[in-house]
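1. Sequence first, predicted model second:
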Number of protein chains: 2
Amino acid sequence: MELTFALRGNILYTPACGRLELRPQQYLVCEKELVAGIFTELPERFRGIPLHDHGDRLILPGLVDLHVHASQYAYRGLGMDMELLDWLEQNAFPEEARFAGMDYADAAYRVFAEELTRSATTRACVFATVHRPATLRLMELLEKAGLRGFVGKLNMDSNCPDYLRETTEGSLAETRRWLEESAGFSGVRPAITPRFIPSCSQRLMDGLGQLRREYGAAMQSHLSENLSEIAWVRQLRPAAPFYGAAYAQPGLFGGECPTVMAHCIWSGEEERALMKERGVFLAHCPQSNMNVSSGIAPVRVWLREGQKAGLGSDVAGGAHLSIFRAMTDAIQCSKLRWRLVDDSLPALTLPEALYLATKGGGAFFGKVGSFEPGYEFDAIVMDDAGLPTTRQCTLAERLERVVWLSDGLPLAKYVAGRRLF
Amino acid sequence: MELTFALRGNILYTPACGRLELRPQQYLVCEKELVAGIFTELPERFRGIPLHDHGDRLILPGLVDLHVHASQYAYRGLGMDMELLDWLEQNAFPEEARFAGMDYADAAYRVFAEELTRSATTRACVFATVHRPATLRLMELLEKAGLRGFVGKLNMDSNCPDYLRETTEGSLAETRRWLEESAGFSGVRPAITPRFIPSCSQRLMDGLGQLRREYGAAMQSHLSENLSEIAWVRQLRPAAPFYGAAYAQPGLFGGECPTVMAHCIWSGEEERALMKERGVFLAHCPQSNMNVSSGIAPVRVWLREGQKAGLGSDVAGGAHLSIFRAMTDAIQCSKLRWRLVDDSLPALTLPEALYLATKGGGAFFGKVGSFEPGYEFDAIVMDDAGLPTTRQCTLAERLERVVWLSDGLPLAKYVAGRRLF
């Protein structure tokens, strides 16, 4: 692997939310997996390093998917006419059960890993199933592909079909063993993953909190996605003043526990205040929120509050793995929210959506998602030559066209300084 | 051209709204541009006719785009962060002005015609610009490509930039000349196209009504798209009890005048009752309605009322020419409307969206959009082999995957019995 090299092309990134930096025909230098800088001419110390000339193409930070279910990839786009509970029972649960068999798990996760590799996503927070061996296989496949991210073996000891339900002790024992067996991984790390509060008993959550402290793992789950779910959680955890408090009580809600929560559509002020205080990441999954009729999250409020936030595809609640698609879905949803719910909250702009898709979500992984010096070198190269127009476009307009119109598949992709293709 | 031939493959269509017919591995016979029938074995009288064997692929009726601006194709996906009026002034109007020059018009309309040909759309209602020669050029290109549809030279004598504004007399004279010059076309026909009420004086509308009666032309325009537009029309036409009445008064709203109106998001009961009575088609353009923050049309109400309705891409308010995309946008918007506006109106289903995209919109062109005997033979062949999954899918599920996940480009396309590719 080349340790130091430069890309040349049209470089675009968002150092701050809504601020689009355009560097036409410049050099982006990678030095030991990190961004060394952007230069109009290569400085003396970089003369002679390998150059990947991407011509007139667009070079962007790799995209970040903060919430995706690898085990649901096989039925993306299916059952979109069903209600959430029917969809879970007819699609999600029976499919997840198949991951008890390693042959099926291997075949299905191979497809997922290949498609994620082809995509513009360089980092992801991934849900697997309750099955430890299959989850480890997924981690191997993603690590081998050169992708980075967190993967979670699910925990479920309540409110799910018998054929997927774990015992509390079994769930904790398997999770411990999985955390032990994950020690050998570097780019792909384990995240404690209780499916959501209704599928985990209090005793299971307490045990997961203990495991998290022992192993220093990250944590991911679902939060305040839809109103009947929230009402259910209120019944299940009457002592919790709000949904997020049921994660906070066992120590699984930010602070020393790096945490990302999907959806947060209906998170109220109290819940959001705790997320802000404890640095919990909010994963906005606009397409899934449409497909399962959940609603539209007030992302503008999150941005004003300074919440840590990014985008998620939420396959297979979302049908599309592309985070470019998540960007335009987020913009469109924010416009409908402005029109139909609250016209005091302006719609998201493209530079804001790009920030969420890169540096916003990237922060969950450390210094990721920007081309500022010291950031991990995640980059994608996008080609817009196949998108016909008679109009002369500026570089910012070419970005818009790539985001709105392209198939979202990069020509070249770099993750932490390694070129995947 | 072959007059009689058969396709073999998996045949899917919607003879009624929401009713999906599945005919796996059967024969679809075309006889003199019309559907002769679907057969499990070819009947005696069709033995020996040419067979196009499409194997395990999916054969659907061609899709119908009831509302698209050909002159805006060059900037689809651009300026989506702007408000409607800024977008019109910065994108739409300056671009439309370029169609005064035939070189530019030819180049831009060639791109549009090529992209529409590649797409799954077989019939379209197309807006051009105010320029007669360019509009005729567009009609030539579409007719030559073998597509069918209506094309409109725009009329604008009010409330638009000087560089696009016509005089009332000039607009009428050019429209008359254009209608005369369109006489030689067959598959592509002219539709009277006042841009919308604010851009047309009363005198111009009266003159267009007169021309319509003289030439028996169809009619297309915009209606009740957004609330400030509706308030503006109320000021401009104080005598009209509702927006649509301002079209009806000069005789441009259904009845003997085949009419399609884009958007109709905010059409009230009175307006919809008149549309129902006069058979005016409603073109639902969900993506545009998101992108320019207009709202979500109550399509479920339209269906219950028995309105004539179909889908439109509304490029470039919509960024995507694909009517498959319009189908999923329509479903997603209907889910958000259920959640955020009115939970008494269930979301649209995929078979309903397919009906709107085929037989619903197709009715504007006659017997179009179905595979029932006597329907014009418009068909597309879709391949789902490139969409990886480990799941065994039924034919209905394969349709879902094509609609949600494919790039929307058919492998083969037939329009009125002619194979385009």
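-> Sure, I can see it. Numbers count the residues shown, from 1 in each chain, chains lettered A, B, ... in the order given.
2. measure the nearest residue to residue A:89 once chain neighbours are set aside to residue A:314 for me?
-> Excluding the flanking residues, the one nearest residue A:89 by Cβ to Cβ, 6 or more residues apart in numbering or on different chains is residue A:161, at 7.4 Å. C-beta: built from backbone N, CA, C; applies to glycine. Distance of residue A:161 to residue A:314, given as Cβ to Cβ, to the nearest Å: 21 Å.
3. Same drill for the two, tell me which one is more crowded.
-> Using other Cβ atoms under 10 Å in any protein chain shown as the criterion, residue A:161 and residue A:314 rank with residue A:314 on top: 30 against 13.
4. My guess is that one contacts residue A:262. True?
-> Yes. The pair residue A:314 / residue A:262 is scored as a contact, 6.4 Å apart, by Cβ atoms under 8 Å.
5. From residue A:30, how far off is the residue in chain A sticking out farthest from the centre?
-> What lies farthest from the middle of chain A is residue A:44; by Cα atoms, centre = their mean that is 38.1 Å. Relative to residue A:30, residue A:44 is positioned 17 Å away (Cβ to Cβ).
6. Then residue A:295?
-> Look at residue A:295 and residue A:30: by Cβ to Cβ, they are 41 Å apart.
7. again, but for residue A:320
-> 29 Å.
8. so what's the spatially most central residue of chain A up against?
-> Geometric centre of chain A, nearest residue: residue A:66, 1.6 Å, by Cα atoms, centre = their mean. When contacts are counted by Cβ atoms under 8 Å, 6 or more residues apart in numbering or on different chains, residue A:66 touches A:124-125, A:260, A:262, A:281, A:283, A:310-312, A:361, A:364.
9. same thing but at 6 Å, please
-> Residue A:66 is in contact with A:125, A:260, A:283, A:310, A:312, A:361, counting by Cβ atoms under 6 Å, 6 or more residues apart in numbering or on different chains.
10. did I read that right, it in a strand?
-> Yes. Assignment of residue A:66 by DSSP: H, G, I helix; E, B strand; the rest coil places it within a strand.
11. Could you count how many residues lie near the residue nearest to it when sequence neighbours are not counted?
-> Counting by Cβ to Cβ, 6+ apart, residue A:66 lies nearest to residue A:283, which is 3.7 Å off, once chain neighbours are set aside. A count of nearby residues for residue A:283, using other Cβ under 10 Å, gives 29.
12. Wait, a strand at residue A:191?
-> Yes. Under three-state DSSP, residue A:191 falls within a strand.
13. So it versus chain B, what's the distance?
-> Distance of residue A:191 to chain B, given as Cβ to the nearest Cβ, to the nearest Å: 24 Å.
14. That residue against residue A:221, yeah?
-> No. Applying Cβ atoms under 6 Å as the test, residue A:191 and residue A:221 come out as separate, 9.2 Å apart.
15. more neighbours, those two?
-> Using other Cβ under 10 Å, the more surrounded residue of residue A:191 and residue A:221 is residue A:221, with 27 against 24.
16. what's the more buried one in contact with, if anything?
-> Going by Cβ under 6 Å, 6+ apart, residue A:221 touches A:194, A:196.
17. What helix or strand is it located in?
-> Per DSSP states H and E: residue A:221 is located in strand A:218-223.
18. now for the one helix or strand residue A:59 maps to, which elements pack on it?
-> Assigned by DSSP H and E, residue A:59 belongs to strand A:51-61. Under the contact definition 3 or more Cβ pairs under 6 Å, 6 or more residues apart in numbering or on different chains; DSSP states H and E, strand A:51-61 sits against strand A:4-16, strand A:379-382.
19. how does it look with 8 Å?
-> Helices and strands touching strand A:51-61, by 3 or more Cβ pairs under 8 Å, 6 or more residues apart in numbering or on different chains; DSSP states H and E, are strand A:4-16, strand A:379-382, helix A:395-405.
20. Can you name the residues in contact with the lowest-mean-pLDDT helix or strand in chain A?
-> Here the helix or strand of chain A ranked lowest by mean pLDDT, DSSP states H and E is helix A:84-87, holding a mean of 79. Outside of helix A:84-87, the residues within contact range by Cβ under 8 Å, 6+ apart are A:79, A:226, A:292-294.
21. after that helix, next one along is what?
-> From helix A:84-87, the next helix or strand downstream (DSSP H and E) is helix A:93-97.
22. can you dump the C-alpha coordinates of that following helix into CSV?
-> Once non-C-alpha atoms are left out, helix A:93-97 reads as follows in CSV (Å, rounded to 0.1, in the frame of the first residue of the first chain):
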residue,chain,number,x,y,z
PHE,A,93,-38.0,-11.5,11.2
PRO,A,94,-38.2,-14.5,8.8
GLU,A,95,-35.3,-13.2,6.8
GLU,A,96,-33.2,-12.5,10.0
ALA,A,97,-33.9,-16.1,11.1
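23. is that helix up against chain B anywhere?
-> Yes. For a cut-off given as Cβ under 8 Å from any Cβ of the partner chain, helix A:93-97 has contacts with chain B, namely residue A:95.
24. quick one: buried residues of that helix?
-> For helix A:93-97, the neighbour count (16 or more other Cβ atoms under 10 Å in any protein chain shown) marks A:93, A:95-97 as buried.
25. Neighbours of residue A:8, how many?
-> Residue A:8: 18 neighbours (other Cβ under 10 Å).
26. Report pLDDT for it.
-> pLDDT recorded at residue A:8 is 98.
27. Kindly report the same for residue A:21.
-> On the pLDDT scale, residue A:21 gets 98.
28. Over to residue A:128?
-> Per-residue pLDDT puts residue A:128 at 98.
29. Excluding chain neighbours, give the residue nearest to residue A:11 in space.
-> Nearest residue to residue A:11, sequence neighbours excluded (Cβ to Cβ, 6+ apart): residue A:23, at 4.0 Å.
30. ok, back up a step: now the contacts of residue A:66 in a markdown table, with distance to residue B:387, pLDDT and secondary structure?
-> Putting the contacts of residue A:66 into a markdown table (distance: Cβ to Cβ, whole Å; pLDDT from 0 to 100; DSSP: H, G, I helix; E, B strand; the rest coil) gives the following:
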| residue | distance to residue B:387 | pLDDT | secondary structure |
| --- | --- | --- | --- |
| A:125 | 24 | 98 | strand |
| A:260 | 29 | 98 | strand |
| A:283 | 25 | 98 | strand |
| A:310 | 27 | 98 | strand |
| A:312 | 21 | 98 | coil |
| A:361 | 26 | 98 | helix |
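31. which of these has the most neighbours?
-> Most neighbours among the contacts of residue A:66, by other Cβ under 10 Å: residue A:361, with 33 neighbours.
32. Please name the bridge partners of the nearest residue in space to it that is not next to it in sequence.
-> Distances taken as Cβ to Cβ, 6+ apart place residue A:310 nearest to residue A:361, at 2.2 Å, with adjacent residues excluded. Assessed by DSSP bridges, residue A:310 has beta-bridge partners residue A:283.
33. My guess is residue A:310 contacts residue A:281. True?
-> Yes. The pair residue A:310 / residue A:281 is scored as a contact, 6.5 Å apart, by Cβ under 8 Å.
34. Identify the contacts common to these two.
-> Common neighbours of residue A:310 and residue A:281 (criterion: Cβ under 8 Å, 6+ apart): A:66, A:260, A:361, A:363-364.
35. I'd like to know which of those residues is nearest to residue B:347.
-> Closest approach to residue B:347 among those (Cβ to Cβ): residue A:66, at 26.4 Å.
36. Look up how far chain B lies from the closest one.
-> For residue A:66, the distance to chain B equals 21 Å [Cβ to the nearest Cβ].
37. Same question for residue A:404.
-> Computed as Cβ to the nearest Cβ, the residue A:404 to chain B distance reads 3 Å.
38. tell me, how many neighbours does that residue end up with?
-> Counted with other Cβ under 10 Å, residue A:404 comes out at 21.
39. wait, doesn't it sit right on residue B:77?
-> Yes. Counting by Cβ under 8 Å, residue A:404 does reach residue B:77; the two are 3.3 Å apart.
40. Quick check: neighbours shared by those two?
-> Common neighbours of residue A:404 and residue B:77, counting by Cβ under 8 Å, 6+ apart, are residue B:319.
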